[in-house]
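Q: Pasting the sequence and the predicted coordinates here, then a few questions.
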Amino acid sequence: MISIFSPDHALHDPPHELLDGALIPVYESPRRATLIHAAIRRAALGPILPPRAFDSAPIRAVHDDDYLDYLEGIYERWVAAGGAPAAVLPGTLAVRWMSRRCENPIAAPGYYTFDLSAPIVAGTYTAARAAVDVALTGAALLLEGERVVYALCRPPGHHAGRDLCGGYCYLNNAAIAAEYLLRSITDRPTGTIYRAPTADQRVEAQDRSSDRVAILDIDYHHGNGTQQIFYERDDVLFVSIHADPAREYPYFAGYVDERGSGGGLGCNLNIPLEAGITNERYLEALDGALAAIGDFAPGFLVLSAGLDTFGGDPIGDFALTTTAYPLIGQRIAALGLPTLIVQEGGYAAAELGENIVGLLWGIQEVGEK
Ligand code: SP5
Ligand code: ZN
């Protein structure tokens, strides 16, 4: 399996976040990517390649122009206006009946941020762009005939909406890759982009469909950003398995009755789970998600892969063990779809590497049969 990785992730290294009222060091640290990188190298999973450089067009297909301008320029503007140089974090939030846009550099973060876990430092935008390049390079490889690619993205992306950052996320890597795959399929002059597929499975998957993409989000937290981006769409199925938002972040989205709207009704599936969930129960829930994806018959699968479902995760309350991840991988691979794996969360430093490697081996094993 090919992995894509950029060392530029390290440029995003904020000193703190405000978590449940406490100012703490950010859980989402450069160390996470370093640990994962070392683990996939040790596991000899396959080549680890640098990303190709993409222009902003695939990002603009998902995020608003004013939001991108904000992300790119806010750190300097904030500091020049007297904001704390440690990191950009809002003090006043635009919510419901007071949500006018205000371009004042001290106020703007409150318009483009939905929580206090997405601090911006000088290198944040460059790192976030590199993470998008990592995901897009993986998507491009799938279009060229690769069956499964791992995009080691950092910062993660699934909480970022069209015009909002939050939850350690700035640019929605998985959504941008999914939209890119979709446009490449639908815009392609027949038969020109794809290399002739070699595996039977691949032929089958590409014949079956081609004008639809599914996103499966297995991060512990609901993928509220990805849900928002595709909520009205019938060509992207979004399925998320996560902690019930009634007890867990992001609290204000991720419920079962959110099923999509307009033409997209029925193309959003939320599977909220109780605290303490075990491997067995989790795999049952996963089977439900996979059945929905099978029915949708997409041409590609984008997997938002968070490892914060692990029992030892410091901000989660599931009870999955390391042995769950290869099994999760095998079941996902049994769909037989070309799959882009996009790294999201996961904060149990000691086991992070082993858990992601298990997931990747599980997916790879079935794919090669
Ligand atoms: C990508 C990703 O995994 N983002 C997660 C961001 C979560 N931030 C807020 C979590 C609030 C958690 N409260 C935890 C209580 C500790 N038991
Ligand atoms: Zn998460």
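A: Alright, I've got the coordinates. Ligands and ions are numbered 1, 2, ... in the order given.
Q: going forward, measure contacts and count neighbours with C-alpha atoms only.
A: OK.
Q: what's Ile315 sitting at in phi/psi?
A: Main-chain dihedrals, Ile315, degrees, to the nearest 10: phi -120, psi 10.
Q: So it is in contact with Tyr347, correct?
A: Yes. Assessed by Cα atoms under 8 Å, Ile315 is found in contact with Tyr347 at 7.5 Å.
Q: These two: who's more crowded?
A: Between Ile315 and Tyr347, counting by other Cα atoms under 10 Å, Tyr347 is the more crowded of the two (22 against 18).
Q: For the residue in the stretch 251-369 of the chain that ligand 1 sits nearest to, give me phi and psi.
A: Closest to ligand 1 within the stretch 251-369 of the chain is Gly345: 3.8 Å, counting by Cα to the nearest ligand atom. Note on Gly345: its backbone torsions stand at phi -90, psi -170 [degrees, to the nearest 10].
Q: Give me the neighbour count for the nearest residue to it once chain neighbours are set aside.
A: The shortest distance from Gly345 to any non-neighbouring residue, by Cα to Cα, 6 or more residues apart in numbering, is to Gly306 (4.3 Å). Around Gly306 there are 22 other residues, counting by other Cα under 10 Å.
Q: which ones are touching Gly306?
A: Residues in contact with Gly306 (Cα atoms under 8 Å, 6 or more residues apart in numbering) are Asp217, Ile218, Asp219, Tyr220, Gln343, Glu344, Gly345, Gly346.
Q: again, but for Glu28
A: When contacts are counted by Cα under 8 Å, 6+ apart, Glu28 touches Pro155, Tyr168, Gly345, Tyr347.
Q: any idea how far Gly346 is from it?
A: Distance, Glu28 to Gly346, by Cα to Cα, to the nearest Å: 8 Å.
Q: And for His37?
A: Noted for His37: a distance of 14 Å to Gly346, by Cα to Cα.
Q: the more surrounded of those two?
A: Between His37 and Gly346, counting by other Cα under 10 Å, Gly346 is the more crowded of the two (27 against 19).
Q: from what I can see the more buried one touches Gly353, true?
A: No. The pair Gly346 / Gly353 is not scored as a contact, 9.8 Å apart, by Cα under 8 Å.
Q: For Leu68, give me the backbone phi and psi.
A: Dihedral angles (degrees, to the nearest 10) for Leu68: phi -70, psi -40.
Q: so what pLDDT did it get?
A: The score at Leu68 is 98. That number is its pLDDT.
Q: could we number from 2 for the rest of this?
A: Renumbered: residue one is now 2, and that last one reads Leu69.
Q: Could you report the neighbour count for it?
A: Leu69 - counted by other Cα under 10 Å - has 20 other residues nearby.
Q: Arg213 too?
A: Neighbour tally, Arg213, other Cα under 10 Å: 22.
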